[in-house]
Structure formats: C-alpha cells, structure tokens
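Undergrad: need coordinates for the below:
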Amino acid sequence: MKHKIVVVDDEILIQGILAEELSDSGYLVELASSGEEVLKILQRTAVDLIISDIQMPHMTGIQLLRKVQESFPKPPPLILVSAFSDTVREEAYAAGAQGVFAKPIEFEELTAAVARRLLSIPDQFRSSSELSQGGLAIEESFLSRKAALIDHKFALGRGGFFISLAGPFPRVDSEMTFALHFEEENGSIEGRGIVRWIRRDRASAYQAGIGVEILSLSARSIECFLRWREGCPLAFIPLDGV
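TA: Predicted structure coming up:
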C-alpha cells in the first residue's frame, strides 16, 4: 500500500511542484492550502506524513505542528519547508518537527528525509555500514542524563540531541560522529549525526552549543537510545537542558 502524504502551502505553484515530485517517488499526495484544511483531512483519513510551509496566514506551520500533536494520539511526522533563520530552525525542531528545509527546495534531500521518516523507528537509526570518520568528533562522559540536563550540558530528544560546545563550531548541515557516555546509567549512545543548528553565544537561559540530528547508531547503543527516547518530551532536537 502506498504511503499518503499531505502537502500544505498557501502557494498553489509550490503545492503542484511538491505534489509532482512526491507522486513521481511513489507516494499518494493530498493537497491543502491552510493548516485548518490539514486538520480536517486528518479527521477523515489516515495520513503517514505532512509537509508544511512555515509562513501561512491564520495558522503557521509550527502552530499546525503543535495542533496536530495536541489533537491526535499518534500524530504523523511533520516536515517544515520555508525560508528560515537559525532561530526558526531551532524552534521548529524543539516543537517536534522532524525536518526543516529551505526554499528553493532540494528535492533529492527532501524525498530522502521523507523516506527515512516513513521507516519504523528502529530502522531510522540502524546503521547499514561502519560509522564514517572525519569532520567533528565529540566524545563526552556525563554522570547521568539528568545531571547533564540540569547543568545545561546535554539534552536528548526523539531524533537528536543538544550538546553544549564552546567551539570551534562546525558548519550547519555538516556530518559528525559522537560517543556520549552516562556513568550511572551504564549506557552510551554512539553514532553519526548531522548538525542542524548552532548557537555560538549564550542566549538568555540557553547555553552555547549545537543541535544534532541522529543519522545512525552503533549496534551496541541503538537499544539504549530507543529505550531512553520513549521518556523524552516531543522535541525532536531540544533547545537546551532544563
């Protein structure tokens, strides 16, 4: 059975382009021009994924995301598409968006993200090869996840994590490797990720650091991560610790 995707954008041209690309990739596509239309679609039919513009009249993409999460017990993953600043990107991932893409859209990257989000949760994080080397590599040990959270050093989300970093900072969308150990819990998460946002200076209560989406995990840490993520809030990548 084909997966069903709802595309919502108040620009008819963008709707059509996205629908054509997704249909060519083998998905069933339903179009909407507003967040309100999406909510009506979800009430009458099963949807596997939503792709939404961020800036729309009456209800923004982030407002739609929050409404979907509040209104449905098993909300479909939602990917946001728009021109955006780093601040919007941080907010979107913290609200639970499972992808944020800029216009003009890189369709190959978008369809790859869609395919990944439609996999089972374990398969999304299972590595099919050895972890790549090169780029930023982070290895840290913490007493526990709770202690790291209180100290604003680390926070785990459902698809990634925040980790404090003083520099040097990597580029946004650059790949990295990580090995994070938690002594009291006798557990680790080790794998490969991609830097989705950077906070270079401490802003209000938020620590400087990076938001990382997990791409893959080593075989020995995937079970640990999947167990821990069940207790996480809705954030895909958290903003910070407490």
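Undergrad: whichever strand in the chain runs longest packs against which elements?
TA: In the chain, with assignment by DSSP state E, the single longest strand is strand 187-199. When contacts are defined as 3 or more Cβ pairs under 8 Å, 6 or more residues apart in numbering; DSSP states H and E, strand 187-199 sits against helix 86-95, strand 160-164, strand 175-182, strand 209-217, helix 219-229. The C-beta positions use only the backbone N, C-alpha and C, and glycine is treated the same way.
Undergrad: helices or strands up against the second one?
TA: So the one you mean is strand 160-164. So strand 160-164, by 3+ Cβ pairs under 8 Å, 6+ apart, packs with strand 154-156, strand 175-182, strand 187-199, strand 209-217.
Undergrad: partners of that strand, with directions?
TA: strand 154-156 (antiparallel), strand 209-217 (antiparallel) (DSSP bridges).
Undergrad: in the last one, what's buried?
TA: Neighbour-count burial for strand 209-217 flags 209-217 (criterion: 16 or more other Cβ atoms under 10 Å).
Undergrad: could those go into JSON lines alongside distance to residue 238?
TA: Output for the buried residues of strand 209-217, formatted as JSON lines (distance: Cβ to Cβ, whole Å):
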{"residue": "209", "distance to residue 238": "10"}
{"residue": "210", "distance to residue 238": "12"}
{"residue": "211", "distance to residue 238": "8"}
{"residue": "212", "distance to residue 238": "11"}
{"residue": "213", "distance to residue 238": "12"}
{"residue": "214", "distance to residue 238": "13"}
{"residue": "215", "distance to residue 238": "17"}
{"residue": "216", "distance to residue 238": "20"}
{"residue": "217", "distance to residue 238": "18"}
